[in-house]
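Asks: Any chance you can model this:
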Amino acid sequence: MTLLANKECPVSEKTGEMKPVPDRANKITVEDVSILFGEVRALNHVSFSVKSNEILSVIGPANSGKTSFLRAMNRMNDLDIACRMTGSIRLNGQDIQKEMDAEDVRRKVTMVFALPLPLPMSIFDNVAYGPRRHGIKNKRKLAEIVEKSLKAAFLWDEVKDRLSSSGMKLSGGQQQRLCIARTLAVEPEVILYDEPCSGLDPISTAKVEDAMFELKKRYTQILVTNNVKQAARVGDRTAFFLTGELVEIGETGKIFTSPRDQRTQDYITGRFG
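Replies: This next block holds a predicted model:
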(Lines give C-alpha, C1' and ligand atoms only; values in the text may rest on other atoms or scores of the structure.)
Protein backbone atom coordinates (compact mmCIF):
# COMPACT_ATOMS: atom_id res chain seq x y z
CA MET A 1 0.00 0.00 0.00
CA THR A 2 1.38 3.40 -0.93
CA LEU A 3 2.54 5.64 1.89
CA LEU A 4 2.18 9.39 1.86
CA ALA A 5 5.05 11.70 2.69
CA ASN A 6 6.46 11.28 6.19
CA LYS A 7 4.73 14.32 7.63
CA GLU A 8 1.37 12.99 6.49
CA CYS A 9 1.77 9.42 7.79
CA PRO A 10 0.44 8.57 11.24
CA VAL A 11 3.04 6.98 13.51
CA SER A 12 2.39 3.93 15.66
CA GLU A 13 2.79 4.73 19.35
CA LYS A 14 3.93 1.14 20.00
CA THR A 15 6.55 0.70 17.28
CA GLY A 16 7.36 4.22 16.19
CA GLU A 17 6.87 3.10 12.59
CA MET A 18 4.73 4.87 10.04
CA LYS A 19 1.30 3.32 9.48
CA PRO A 20 -0.07 2.83 5.98
CA VAL A 21 -2.59 5.52 5.05
CA PRO A 22 -5.77 3.97 3.61
CA ASP A 23 -6.45 4.60 -0.05
CA ARG A 24 -10.03 5.85 0.10
CA ALA A 25 -10.67 4.74 -3.49
CA ASN A 26 -9.99 1.12 -2.52
CA LYS A 27 -12.26 -0.63 -0.06
CA ILE A 28 -10.17 -3.80 0.12
CA THR A 29 -6.48 -4.35 -0.47
CA VAL A 30 -5.16 -7.91 -0.86
CA GLU A 31 -1.39 -8.09 -0.44
CA ASP A 32 0.60 -11.23 -1.31
CA VAL A 33 -2.03 -13.60 0.10
CA SER A 34 -1.42 -17.34 0.09
CA ILE A 35 -3.81 -19.87 1.62
CA LEU A 36 -2.90 -23.44 2.53
CA PHE A 37 -5.04 -26.27 3.87
CA GLY A 38 -2.46 -28.56 5.40
CA GLU A 39 -0.01 -29.14 2.55
CA VAL A 40 -2.49 -28.17 -0.17
CA ARG A 41 -2.03 -24.65 -1.50
CA ALA A 42 -5.41 -23.11 -2.43
CA LEU A 43 -4.17 -19.59 -3.21
CA ASN A 44 -0.70 -18.54 -4.26
CA HIS A 45 0.71 -15.01 -3.66
CA VAL A 46 -2.36 -13.07 -4.80
CA SER A 47 -2.38 -9.25 -4.75
CA PHE A 48 -5.02 -6.81 -5.98
CA SER A 49 -7.52 -4.24 -4.71
CA VAL A 50 -11.29 -3.89 -4.75
CA LYS A 51 -12.68 -0.41 -5.26
CA SER A 52 -15.40 1.17 -3.19
CA ASN A 53 -18.91 0.68 -4.59
CA GLU A 54 -17.86 -1.63 -7.38
CA ILE A 55 -18.98 -5.14 -8.24
CA LEU A 56 -15.97 -7.39 -8.77
CA SER A 57 -16.74 -10.64 -10.58
CA VAL A 58 -14.41 -13.54 -9.79
CA ILE A 59 -14.32 -16.37 -12.32
CA GLY A 60 -12.32 -19.54 -12.81
CA PRO A 61 -12.73 -23.32 -13.00
CA ALA A 62 -13.12 -25.64 -10.02
CA ASN A 63 -10.17 -25.69 -7.60
CA SER A 64 -8.97 -22.30 -8.76
CA GLY A 65 -9.07 -20.76 -5.28
CA LYS A 66 -12.18 -18.60 -5.72
CA THR A 67 -14.11 -19.82 -2.68
CA SER A 68 -10.99 -19.97 -0.49
CA PHE A 69 -10.37 -16.32 -1.35
CA LEU A 70 -13.98 -15.39 -0.65
CA ARG A 71 -13.98 -17.15 2.74
CA ALA A 72 -10.74 -15.39 3.65
CA MET A 73 -12.44 -12.05 3.11
CA ASN A 74 -14.66 -12.45 6.19
CA ARG A 75 -12.39 -14.84 8.10
CA MET A 76 -14.55 -17.92 7.62
CA ASN A 77 -11.35 -19.85 6.93
CA ASP A 78 -10.49 -19.27 10.60
CA LEU A 79 -13.02 -21.99 11.40
CA ASP A 80 -10.84 -24.60 9.66
CA ILE A 81 -7.90 -25.55 11.89
CA ALA A 82 -5.99 -26.89 8.88
CA CYS A 83 -6.08 -23.49 7.15
CA ARG A 84 -3.12 -21.13 7.20
CA MET A 85 -2.92 -17.75 5.49
CA THR A 86 0.07 -15.54 4.81
CA GLY A 87 0.02 -12.01 3.47
CA SER A 88 -2.65 -9.51 4.43
CA ILE A 89 -6.17 -8.40 3.59
CA ARG A 90 -7.03 -4.83 4.52
CA LEU A 91 -10.50 -3.35 4.88
CA ASN A 92 -10.45 0.45 4.92
CA GLY A 93 -6.71 0.19 5.61
CA GLN A 94 -7.09 -2.16 8.59
CA ASP A 95 -5.59 -5.64 8.53
CA ILE A 96 -8.58 -7.93 9.11
CA GLN A 97 -6.41 -10.56 10.82
CA LYS A 98 -4.22 -8.39 13.03
CA GLU A 99 -6.26 -5.24 13.67
CA MET A 100 -9.89 -6.45 13.71
CA ASP A 101 -11.67 -9.22 15.59
CA ALA A 102 -13.49 -11.87 13.60
CA GLU A 103 -16.99 -10.85 14.72
CA ASP A 104 -16.44 -7.27 13.60
CA VAL A 105 -15.09 -8.46 10.25
CA ARG A 106 -18.11 -10.70 9.68
CA ARG A 107 -20.51 -7.88 10.48
CA LYS A 108 -18.83 -5.55 8.01
CA VAL A 109 -18.19 -8.24 5.38
CA THR A 110 -21.23 -10.48 4.94
CA MET A 111 -21.77 -13.48 2.67
CA VAL A 112 -24.65 -14.82 0.56
CA PHE A 113 -24.21 -18.51 -0.21
CA ALA A 114 -25.05 -20.63 -3.23
CA LEU A 115 -28.04 -22.28 -1.57
CA PRO A 116 -30.47 -19.91 0.13
CA LEU A 117 -30.47 -20.56 3.86
CA PRO A 118 -33.46 -18.80 5.43
CA LEU A 119 -33.86 -19.30 9.15
CA PRO A 120 -36.84 -21.44 10.28
CA MET A 121 -38.84 -18.41 11.36
CA SER A 122 -41.01 -15.67 9.87
CA ILE A 123 -39.91 -13.39 7.06
CA PHE A 124 -39.85 -10.49 9.51
CA ASP A 125 -37.79 -12.38 12.09
CA ASN A 126 -35.33 -13.56 9.43
CA VAL A 127 -34.43 -9.97 8.60
CA ALA A 128 -34.64 -8.74 12.19
CA TYR A 129 -32.41 -11.54 13.49
CA GLY A 130 -29.10 -9.74 12.98
CA PRO A 131 -30.17 -6.35 14.38
CA ARG A 132 -31.63 -8.09 17.44
CA ARG A 133 -28.34 -9.88 18.02
CA HIS A 134 -26.65 -6.48 17.92
CA GLY A 135 -28.93 -5.15 20.64
CA ILE A 136 -31.76 -3.45 18.74
CA LYS A 137 -35.03 -4.23 20.54
CA ASN A 138 -37.28 -1.30 19.65
CA LYS A 139 -40.17 -2.66 17.56
CA ARG A 140 -40.55 0.46 15.43
CA LYS A 141 -36.83 0.57 14.67
CA LEU A 142 -36.83 -3.12 13.77
CA ALA A 143 -39.84 -2.61 11.48
CA GLU A 144 -38.00 0.21 9.71
CA ILE A 145 -34.90 -1.94 9.23
CA VAL A 146 -36.93 -4.87 7.91
CA GLU A 147 -38.82 -2.74 5.40
CA LYS A 148 -35.70 -0.93 4.23
CA SER A 149 -33.74 -4.16 3.83
CA LEU A 150 -36.51 -5.99 1.97
CA LYS A 151 -36.93 -3.03 -0.39
CA ALA A 152 -33.20 -2.95 -1.09
CA ALA A 153 -33.31 -6.68 -1.89
CA PHE A 154 -36.23 -6.16 -4.31
CA LEU A 155 -38.52 -8.33 -2.17
CA TRP A 156 -40.73 -5.95 -0.21
CA ASP A 157 -43.60 -5.72 -2.72
CA GLU A 158 -43.84 -9.52 -2.86
CA VAL A 159 -43.94 -10.17 0.89
CA LYS A 160 -45.14 -6.99 2.65
CA ASP A 161 -48.56 -8.51 3.33
CA ARG A 162 -47.21 -11.75 4.80
CA LEU A 163 -44.25 -10.81 6.95
CA SER A 164 -45.45 -13.22 9.66
CA SER A 165 -45.29 -16.17 7.24
CA SER A 166 -42.36 -18.57 7.34
CA GLY A 167 -39.38 -17.64 5.22
CA MET A 168 -39.10 -21.32 4.37
CA LYS A 169 -42.31 -21.10 2.32
CA LEU A 170 -40.89 -18.61 -0.18
CA SER A 171 -39.70 -19.69 -3.61
CA GLY A 172 -35.99 -20.32 -4.14
CA GLY A 173 -35.43 -16.93 -5.72
CA GLN A 174 -37.37 -15.18 -2.99
CA GLN A 175 -35.42 -17.06 -0.33
CA GLN A 176 -32.16 -15.88 -1.86
CA ARG A 177 -33.34 -12.28 -1.85
CA LEU A 178 -34.49 -12.77 1.74
CA CYS A 179 -30.94 -13.86 2.58
CA ILE A 180 -29.62 -10.71 0.88
CA ALA A 181 -32.08 -8.62 2.94
CA ARG A 182 -30.88 -10.39 6.08
CA THR A 183 -27.28 -9.40 5.33
CA LEU A 184 -28.28 -5.80 4.62
CA ALA A 185 -30.08 -5.51 7.95
CA VAL A 186 -26.78 -5.49 9.86
CA GLU A 187 -25.50 -2.61 7.68
CA PRO A 188 -22.38 -4.24 6.25
CA GLU A 189 -19.81 -2.49 4.08
CA VAL A 190 -19.01 -5.39 1.75
CA ILE A 191 -21.26 -8.16 0.41
CA LEU A 192 -19.75 -11.42 -0.80
CA TYR A 193 -21.68 -13.76 -3.09
CA ASP A 194 -20.69 -17.41 -3.56
CA GLU A 195 -22.58 -18.62 -6.64
CA PRO A 196 -25.82 -16.95 -5.46
CA CYS A 197 -27.80 -17.81 -8.58
CA SER A 198 -26.55 -21.32 -9.27
CA GLY A 199 -29.89 -22.91 -8.36
CA LEU A 200 -32.20 -20.18 -9.62
CA ASP A 201 -34.31 -19.83 -12.76
CA PRO A 202 -33.55 -16.96 -15.19
CA ILE A 203 -36.30 -14.69 -13.83
CA SER A 204 -35.13 -15.11 -10.23
CA THR A 205 -31.53 -14.63 -11.36
CA ALA A 206 -32.46 -11.36 -13.06
CA LYS A 207 -34.10 -10.09 -9.86
CA VAL A 208 -31.01 -10.92 -7.80
CA GLU A 209 -28.83 -9.12 -10.35
CA ASP A 210 -31.18 -6.11 -10.29
CA ALA A 211 -30.73 -5.99 -6.54
CA MET A 212 -26.95 -6.11 -6.93
CA PHE A 213 -26.99 -3.17 -9.34
CA GLU A 214 -29.11 -1.13 -6.94
CA LEU A 215 -26.86 -2.05 -3.99
CA LYS A 216 -23.82 -0.58 -5.77
CA LYS A 217 -24.92 2.82 -4.53
CA ARG A 218 -24.02 1.86 -0.96
CA TYR A 219 -21.94 -1.30 -0.93
CA THR A 220 -18.85 -2.92 -2.36
CA GLN A 221 -19.70 -6.37 -3.76
CA ILE A 222 -17.66 -9.41 -4.78
CA LEU A 223 -19.38 -12.05 -6.89
CA VAL A 224 -17.87 -15.51 -7.32
CA THR A 225 -19.61 -17.22 -10.22
CA ASN A 226 -19.04 -20.07 -12.66
CA ASN A 227 -21.45 -18.37 -15.06
CA VAL A 228 -19.20 -16.24 -17.25
CA LYS A 229 -22.23 -14.57 -18.84
CA GLN A 230 -23.36 -13.41 -15.41
CA ALA A 231 -19.86 -12.15 -14.65
CA ALA A 232 -19.94 -10.16 -17.88
CA ARG A 233 -23.39 -8.74 -17.13
CA VAL A 234 -22.78 -7.76 -13.53
CA GLY A 235 -19.11 -7.02 -12.91
CA ASP A 236 -17.50 -3.61 -13.21
CA ARG A 237 -14.22 -5.50 -13.17
CA THR A 238 -13.46 -9.20 -13.43
CA ALA A 239 -10.70 -11.31 -11.88
CA PHE A 240 -9.72 -14.67 -13.39
CA PHE A 241 -8.29 -17.27 -11.02
CA LEU A 242 -6.60 -20.50 -12.14
CA THR A 243 -5.00 -23.18 -9.91
CA GLY A 244 -4.70 -20.74 -7.03
CA GLU A 245 -3.19 -17.88 -9.00
CA LEU A 246 -4.66 -14.59 -10.14
CA VAL A 247 -4.09 -14.72 -13.89
CA GLU A 248 -5.41 -11.23 -14.54
CA ILE A 249 -7.86 -8.60 -13.34
CA GLY A 250 -9.31 -5.66 -15.24
CA GLU A 251 -12.36 -3.91 -16.57
CA THR A 252 -14.94 -6.52 -17.46
CA GLY A 253 -15.33 -5.34 -21.04
CA LYS A 254 -11.59 -5.69 -21.66
CA ILE A 255 -11.34 -9.06 -19.92
CA PHE A 256 -14.08 -10.48 -22.13
CA THR A 257 -13.03 -8.89 -25.41
CA SER A 258 -9.25 -8.53 -25.27
CA PRO A 259 -7.71 -10.36 -22.29
CA ARG A 260 -3.96 -10.11 -21.86
CA ASP A 261 -3.50 -13.81 -21.10
CA GLN A 262 -4.38 -16.63 -23.50
CA ARG A 263 -5.58 -18.76 -20.58
CA THR A 264 -8.26 -16.18 -19.84
CA GLN A 265 -9.36 -16.23 -23.45
CA ASP A 266 -9.48 -20.03 -23.44
CA TYR A 267 -11.59 -20.10 -20.28
CA ILE A 268 -14.20 -17.51 -21.24
CA THR A 269 -14.61 -19.10 -24.67
CA GLY A 270 -15.22 -22.52 -23.12
CA ARG A 271 -12.05 -24.29 -24.22
CA PHE A 272 -11.58 -25.54 -20.66
CA GLY A 273 -13.27 -25.28 -17.29
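Asks: three-state assignment of A206?
Replies: Under DSSP: H, G, I helix; E, B strand; the rest coil, A206 falls in the helix class.
Asks: what do you get for N226?
Replies: Under three-state DSSP, N226 comes out as coil.
Asks: Now do the contacts for it.
Replies: Contacts here follow CB atoms under 8 Å, 6 or more residues apart in numbering; on that basis N226 touches 59, 61, 195, 198. C-betas here are computed from N, CA, C, even on glycine.
Asks: thought the second one was touching D266?
Replies: Pointing back at P61 there. No: between P61 and D266 there is no contact, the gap being 10.5 Å when judged by CB atoms under 8 Å.
Asks: Between these two, which contacts overlap?
Replies: Looking at what touches both P61 and D266 (by CB under 8 Å, 6+ apart), the common residues are F272.
Asks: Identify the residue nearest the most centrally placed residue in the chain in space, chain neighbours excluded?
Replies: Within the chain, the residue whose C-alpha comes closest to the C-alpha centroid is L192; the distance, by CA atoms, centre = their mean, is 1.6 Å. Nearest residue to L192 in three dimensions, chain neighbours excluded: M111, at 4.4 Å (CB to CB, 6 or more residues apart in numbering).
Asks: try T205
Replies: Across the structure, with CB to CB, 6+ apart as the measure, the residue nearest T205 apart from its sequence neighbours is C197 (4.2 Å).
Asks: Count the residues that sit near the one you found.
Replies: Other residues lying near C197 total 25 when counted by other CB atoms under 10 Å.
Asks: So it, which state does it fall into?
Replies: Taking three-state DSSP as the rule, one finds C197 in the coil state.
Asks: Let me see the contact set for it.
Replies: Contacts for C197 were tallied using CB under 8 Å, 6+ apart; they are 176, 204-205, 208-209, 225, 227, 230.
Asks: Could I get the buried residue list for stretch 44-63?
Replies: Within stretch 44-63, the residues scored as buried using 16 or more other CB atoms under 10 Å are 44, 46, 48-50, 54-60.
Asks: Adding secondary structure and pLDDT, write these out as CSV.
Replies: Conversion of these to CSV gives the following (DSSP: H, G, I helix; E, B strand; the rest coil; pLDDT from 0 to 100):
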residue, secondary structure, pLDDT
N44, strand, 96
V46, strand, 96
F48, strand, 96
S49, strand, 96
V50, strand, 97
E54, coil, 97
I55, strand, 97
L56, strand, 98
S57, strand, 98
V58, strand, 97
I59, strand, 97
G60, coil, 96
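Asks: And these, which is closest to A143?
Replies: Here the nearest of those to A143, counting by CB to CB, is I55; it sits at 29.7 Å.
Asks: what's the burial count for the nearest residue to that closest one once chain neighbours are set aside?
Replies: Taking CB to CB, 6+ apart, and ignoring the residues beside it in sequence, I55 has Q221 as its nearest neighbour in space, at 4.6 Å. Using other CB under 10 Å, Q221 has 23 neighbouring residues.
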